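# I'd like to go over a predicted model; first the sequence, then the structure.
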Amino acid sequence: MKSGSEDPVDPAAMVRAAAEVLVYAPLGLGAKLVEDTPSAVDRLRQELSNARFIGRLTVNQGVARVRSKIDAESFVPTSPNERVEPTTPETATAAEPALEVDVAAVDDVPGGDGVPAADALALPDYDTLPAIDIVGKLETLSVGDRRAIERYELAHRQRRTVLGKLSQLAEQ
């Protein structure tokens, strides 16, 4: 074995490698962060907005169910023949307040029943989108597009999250 047979180290190569690691890598990382940060912040804000909306909707539905149970339990029959029906999940759901529907908005499409076709809606492939995706995109649509989606949703799937967000946006 030769002890002096090691490859000589090129000092210029070492300086280039050190410069790449210490200067260019942090600059590249910084540029990437500056480039990606605005879109990441926008996505985070949208997710927080969606989570806040769904949380409010859930709390409101829970409050409505508790109130209906309290009202059902505090009902006292006025006559001996009057029966008190027990509250079940089915009757509690039926007792929840319905979303208000703007009747004029349903009838303002000329011809037919006033319900647009799925392919005529502003969101492509509307029927395949989950409610959370639709809720996240509603703020970017025009009032007319939102009304068309509301008519379609009321006529077909009647998803509370979508209808609730549409109602919230109409109040703004």
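Great, that's in hand. Numbering: from 1, shown residues only.

# Break the chain into its domains for me.
Here the domain assignment for the chain is 11-97, 98-172, based on automatic domain parsing.

# between those domains, which gets the lowest average pLDDT?
Set side by side, the domains of the chain give their lowest mean pLDDT on domain 11-97, at a mean of 75.

# Would you map the helices across the chain?
For the chain, the helices defined by DSSP state H cover 11-19, 25-74, 89-95, 103-106, 131-138, 143-155, 160-171.

# Without its sequence neighbours, what residue ends up closest to Arg159?
If the residues on either side of it in the chain are set aside, Arg159 comes closest to Ala131, at 4.8 Å by Cβ to Cβ, 6 or more residues apart in numbering. Heads up, the C-betas are built off the backbone N, CA and C, glycines and all.

# Next, the buried residues of stretch 157-172.
Neighbour counts using 16 or more other Cβ atoms under 10 Å place Arg160, Thr161, Val162, Leu163, Gly164, Lys165, Leu166 of stretch 157-172 among the buried residues.

# that older thread, contacting residues around the residue nearest to Arg159?
Under the criterion of Cβ atoms under 8 Å, 6 or more residues apart in numbering, the neighbours of Ala131 are Arg159, Thr161, Val162.

# Show me the residue at the heart of this protein, geometrically.
Closest residue to the average C-alpha location of the chain: Ile132 at 3.5 Å, with Cα atoms, centre = their mean.
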